[in-house]
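>>> structure of the sequence below:
(chains A and B)
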Amino acid sequence: MQHFRVKVFGRAAEGFELHQAIPVFHRWIQTNALPELLIDVADYSHVPGGPGVLLAGHDSHYGLDLRKNRLGLLYIRRTAQDGSTADRLRSALAAARAACEKLVQEPEFAGKLSFDFDEIEISVNDRLLAPNIPESYQELADELGAVLDGYTFRHDGEPRDLLTVLAVRAH
Amino acid sequence: MKASNSLWKQKLAGRIAEPLASELDVYENEVALRRQGKIDEKVFAETRLRRGAYGQRYDNGQRHDGITARKLEFPTAGTKGPSTLWDAPGMQRIKIPYGGMNAEQIEVMAELAEEYSDGIAHITTRQDFQLHFIHIEDTPALMRRLAAVGITTREACGNSVRNVTACHLTGVCRTQTFDVTPYAHALTYFLLGHPDCQDFGRKFKIAFSGCRTEACGLARMHDIGAVAATREIDGQVKRGFEFYIGGGLGTVPQQARLFEEFLPEEELLPISQSICRVFARLGEKKNRNTARLKFLVSKLGLDEFKRLVCEDRKTLTPDPRWTAFLSDLGTHDEAPLKPPSLLQIAPVRDPGFDEWYKTNVYSQRQGGYSTVTVALPLGDITADQLRALADVTRKYVKDTVRTTVEQNMVLRWVSSGDLPAVYRELKAAGLGEPGAGTIADVVSCPGTDTCKLGISSSRGLSGELRWRLAEKQFVMDEAIRNLRIKVSGCFNSCGQHHVADLGFYGVSRNKGGYTVPHFQVVLGGQWDNNAGAYGLAIGAVPSKRIPDTVERITGRYLAERQTGERFQAWIKRIGKAACKSMIDDLTAVPAHDTSPEFYVDWADAREYTIGDIGIGECAGEVVNPIDFQLAACERETFEAQLALEAGDAARARMLAYESMLHGASALLKQRMPMFSDDPDQVAGLFREQLVDTQLFHDPFAGPKFAHYFLKAHERRNEAVTDTRAHQLIEEAQLFIEASHACYARMRQQPVSTKA
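Alright, predicted model coming up:
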C-alpha cells in the first residue's frame, strides 16, 4: 500500500482562527521548516467541510483540515515511497505528528489549538491500490497493528470513500 | 507520481472508446519520451496543453516566498515545456461540453480531486473543471479514468477549440427559442480533433444561447456565438441561429459581429468548419497577441471575412455529420426522474429554505419542475460534496446536472414538491448556500493563487467580498442584491470583469518604493443580452479598499437611482466623471509604516512582491516625478472615456494616444534626461530604448503593449469610429499599466547595481 493519508483530530480553543494558518504555512516555506519540498499555500477556508488551509508540497500536502466538519491536521503522501507498507505508514504517522507538534508551538496557535492522538484517521489515497473492501481493511488494520501500539481499529466511512481506518487508543 | 499509474490502463481496458483509448496510449508514450529527452520541449508543451495539462504559477521553479524569490529544488531535472519544470505540479483542465454531467461523472471527478489534487474541484467561467497540483506523470491515468466515463480533456487548452459552452437553462428556460443542447453537442464532437482545427495560431471559443435577451450563454463575447432563432419559411417554422463571430474579452475586448441574421440549422456545422479553416489559413501565427479570430476579422473586415468563409464553404466535401444529428433531435432530450409536482409550503420550514428558494430555485418552462442552483463559493467543491451531489442527482433527478459560467452547478428537472427535501440534503452537505446569481455570488478567476499571469489576488478579494456580502444580502435592497461582481487577477479577463455590473481586474502601483496590489474598477458592463456591452475602467483602487469601493458605489446607486433604473443606466446617466469622483479618495495608499496591511494582498500573509522593495532614490516619502506623470496619463485615458461618452470619438482617440505618448515620454526620462517632446522622436526613442532592449516587454505578453502605442502613433491622423476609439482607450489603459510595470523593473536595475 502507498499514499497514506493521516488526519490527527484537533481541538480549537478560544481565539483560534483558521486563517492564521496562512502566515504560519508561509513561514514554514520561508524557513524550510519541514524536511520536504513545500510549494505553496492554498486557502480553502471558504469551502464548508473542505481542506481548510493547505500547505501544498511536491511529495506531500499538509493541511489544517475541516473535512467531515472535524478540525484536524491532515497529511497526504502524494508520491510513491520505497520500503515496506509498515515503513510507509510509520513515515506518514511521523510526518503528521511532527507537523502537529510544530503547529501548536507557533505563536498564532499557542494555547489555541491542540491535537488529540487518541483518535487518528488513516486512509489510503489510491482506490486502485487499496479498494475500500473488507479484505483491504483487514490488510491495513494488520499493518497498523504492528505500527500503532495500543490502538483499536475500525473500518470507517462509506463504500465510495477511500479505504479508511479510524484508530482509537485503548485506555 | 502515483504507484498505481501503470495499472489503470489494464483496469479500464474495454471501457474507453476509440480513438480516445489509442490517443491516451500515445500521450502516455509522449510523456515517457519527453522524460527521456526524446521529444522537443516546445512540441511536448503543445501536446500536454492540448490535453489540458497546464502550468501553475511556480512552474519555472521560482516562487516568491515573501522574503525572496525562492528556487524550488524539484527532484527531477528537465522541463515539460518552455520554462515549465518537469516536476512542477500543474493544473489539469477538464472539458465539460455545455456543462452537462451525470452522477457517475461527478463521482469520478470526486475521486480524481481526492487522489491526484488537493481535494477540491474547481469550476471555471467556461463550464470546465480544473484540478490543481497535478503531477504530469499522473495525467495519463487521470485522463483514462475520465475517458472511461465519457469525459475528455482533449483540446481543453492550447491553440484549439476550447470547451463549447451553452446556457445552463437551455431546454428548461422560460424565455428560450429552443433547446440548443443537441446543437452544442453536435458541434463539440464534430470539431473535436477535426483536422481543420489543428493549425490555429490561438485558442477558439464557441458559445450557444437559447435566447437573445438573457445573459446565460454570453454568445456575444465569443469567437463564435450562436443564438437560437426561428424563421418562417414557406409556411414552416425553421430553426437556425443568429450567428455572431469575432468576439472576445482578453486584454482588449471586442463585441462579436453579426455574421448572419439567420443561419439555418443545417449550415451550423459546415459554416463553423469553414470559419475554422479560414482562421487556420489566414490567422496570425507568430504574434500570439494578435492571433485571435477577432483580430483577423478586424484586419480583413467583416464583409471580406464573410466572403472568404462562404467561398470556402462551397469547396467543402459534404460530411454526413453536418446534418445527421438533426434527425435525432428530440430523441435524446432530458427526461425527468419523477412526475411533476407542486411545492407544498409547509407552515414550518427548514431554516434558510425561504432565502434559498428565493435565489436558487428557477421554475422551469415545464410545469411542476424546478432547476436548483448549487451555489459554490469561488467555484470550489470538495470531493465529499461531489459525492453528496451525485447522491442527490440519483435520488431526485436523472443525470441532468450542469455546470454554469458563474462557477456553480445546477440540478435540472427537480419535481417541485421535492424542493424541501433537496434543500435539506444539499444543506447537510454544505451545498445549501443561498444567494445564487446575487451580488454575493462573486465570480473569480484563479488569479495569483495558481495562475502565472495573475497580478492581484482575485480569489482572495472575491472570498472577502463574498463573506461580507453573504451576511447582508437578505437585508439589501433588491436592486443591489441582483447586481453581479466579477473579478480577474489581471487584464486577461478570465473572471469576465468586462460584463459585470461591478468588475475588477488586478494591477499594481508603486508607493514609496513598495509595490501595492490594486484593482482597476470597471463599470458599465452588461451581463444581459448575451454580454451586450463591455464596461470601462474608471480608476485603480488599492486591493484592501475594494470592499469599501463596492459599498460606496452600491450605496450611491441605491440613493440616486430613479424608479426602475438599472445599474448600467444609472452609470450612464451620472457619467464617468461622477463615477470616478465617487472613488477618488479611495485611491490613496497610506504609507507603509502606518498601514502595512495595504502592502499585503487578500488571503495572503506575505508582503506583496517584496522583490520590488528596492529602496533607492525614491525611498521614504519622496515621490519620483514619474509617479505623477503616470498618474497624469491615467487621467488622460479617463478624459478620453469622457470624450467618448460625449460622442466625440476623435477627441477620445487623441486623448488616448496622448496618454500613451506621455507615458512613453515619462519612462524615457528615467533613462535619458534630455530629448525633445516631438512625438516622432519620442516614438523612435521609445522603440530604441525600451522596445528593442525588451525593457518594456511584459513577461508574458512580450511587446504587445508597446505595439499599442507605436501603432497608435503611426495612425494618429486617421479617422476613428466609436468602436475603434473604445479600443484605443482600452489599449491606452493597458499601456499605462505596462508602463507602471516597466518602471518597477527599471527601478530594480539601478538599485541592484548600486547596492
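>>> what's the closest non-adjacent residue to the residue nearest the centre of chain B?
With distances taken as CA atoms, centre = their mean, residue B:494 lies nearest the centre of chain B, 1.8 Å away. In space, and not counting its chain neighbours, residue B:494 is closest to residue B:445: 3.6 Å by CB to CB, 6 or more residues apart in numbering or on different chains. For every residue, glycine as well, the C-beta is placed using N, CA and C.
>>> now swap in residue A:121 and tell me
residue A:7 (4.2 Å).
>>> tell me which element the one you found is part of?
Residue A:7 belongs to strand A:4-12 when assigned by DSSP states H and E.
>>> go on, residue B:202?
Using DSSP H and E, no helix or strand contains residue B:202.
>>> give the buried residues for the longest strand along chain A.
Longest strand in chain A by number of residues (criterion: DSSP state E): strand A:113-124. Buried residues in strand A:113-124, counted by 16 or more other CB atoms under 10 Å in any protein chain shown: A:113, A:115, A:119, A:120, A:121, A:122, A:123, A:124.
>>> what's opposite the third one in the beta bridge?
Per DSSP bridges, residues listed as beta-bridge partners of residue A:119: residue A:168.
>>> up against chain B, what does chain A have?
Proximity of chain A to chain B, by CB under 8 Å from any CB of the partner chain, involves residues A:2-3, A:19, A:22-23, A:26-27, A:29-30, A:37, A:39-40, A:42-51, A:54, A:56, A:58, A:61, A:63, A:67-68, A:78-80, A:125-129, A:160, A:162.
>>> repeat the analysis, applying 7 Å as the threshold.
Neighbours of chain B within chain A, by CB under 7 Å from any CB of the partner chain: A:2-3, A:22-23, A:26, A:29-30, A:37, A:39-40, A:42-44, A:46-51, A:54, A:56, A:58, A:61, A:67, A:79-80, A:125-129, A:160, A:162.
>>> out of those residues, which are buried?
Buried among these (16+ other CB under 10 Å): A:2-3, A:22-23, A:26, A:29-30, A:37, A:39-40, A:42-44, A:46-51, A:54, A:56, A:58, A:61, A:67, A:79-80, A:125-129, A:162.
>>> so which of the residues you listed belong to strands?
A:39, A:40, A:42, A:43, A:44, A:54, A:56, A:61.
>>> find me the pLDDT at the fourth one, would you?
The predicted local confidence for residue A:43 comes out at a pLDDT of 97.
>>> with residue B:618 instead?
pLDDT, residue B:618: 26.
>>> ok, now residue B:749?
So residue B:749 comes in at 58 (pLDDT).
>>> residue B:337 now?
96.
>>> contact residues of the stretch 251-400 of chain B facing chain A?
B:377, B:378, B:380, B:382, B:384, B:387.
>>> not counting sequence-adjacent ones, nearest residue to the last one?
Yep, that's residue B:387 we're talking about. residue B:110 is the one closest to residue B:387 (CB to CB, 6+ apart), at 5.0 Å.
>>> low-confidence stretches in the stretch 551-700 of chain B?
Filtered on pLDDT under 70, the stretch 551-700 of chain B yields the residue ranges B:610-625, B:628, B:673.
>>> kindly report the residues of it close to chain A.
So far as CB under 7 Å from any CB goes, the stretch 551-700 of chain B lies against chain A at B:603, B:604, B:605, B:606.
>>> for the residue nearest to residue B:157 when sequence neighbours are not counted, pull up the helix or strand it's in.
Once flanking residues are discounted, residue B:157 sits nearest to residue B:49: 4.2 Å by CB to CB, 6+ apart. Take DSSP H and E as the rule and residue B:49 turns out to sit in helix B:41-50.
>>> how far does that helix sit from its chain's centre?
Chain-centre distance of helix B:41-50: 22 Å, with CA atoms, centre = their mean, to the nearest Å.
>>> can you list contacts of that helix?
B:30, B:34, B:79-82, B:84, B:136, B:154-155, B:157-158, B:160 (CB atoms under 7 Å, 6 or more residues apart in numbering or on different chains).
>>> regarding stretch B:531-545, how distant is the last residue from the first?
This stretch, stretch B:531-545, spans 27 Å end to end (CA to CA, to the nearest Å).
>>> hmm, that stretch touching chain A?
No: on the criterion CB under 7 Å from any CB, stretch B:531-545 is out of touch with chain A, staying 14.9 Å away.
>>> check which helices and strands the longest helix along chain A sits against.
Identified as the longest helix of chain A according to DSSP state H is helix A:85-105. Contacting helix A:85-105 under the criterion 3 or more CB pairs under 7 Å, 6 or more residues apart in numbering or on different chains; DSSP states H and E are the following elements: strand A:4-12, strand A:72-77, strand A:113-124, helix A:134-147.
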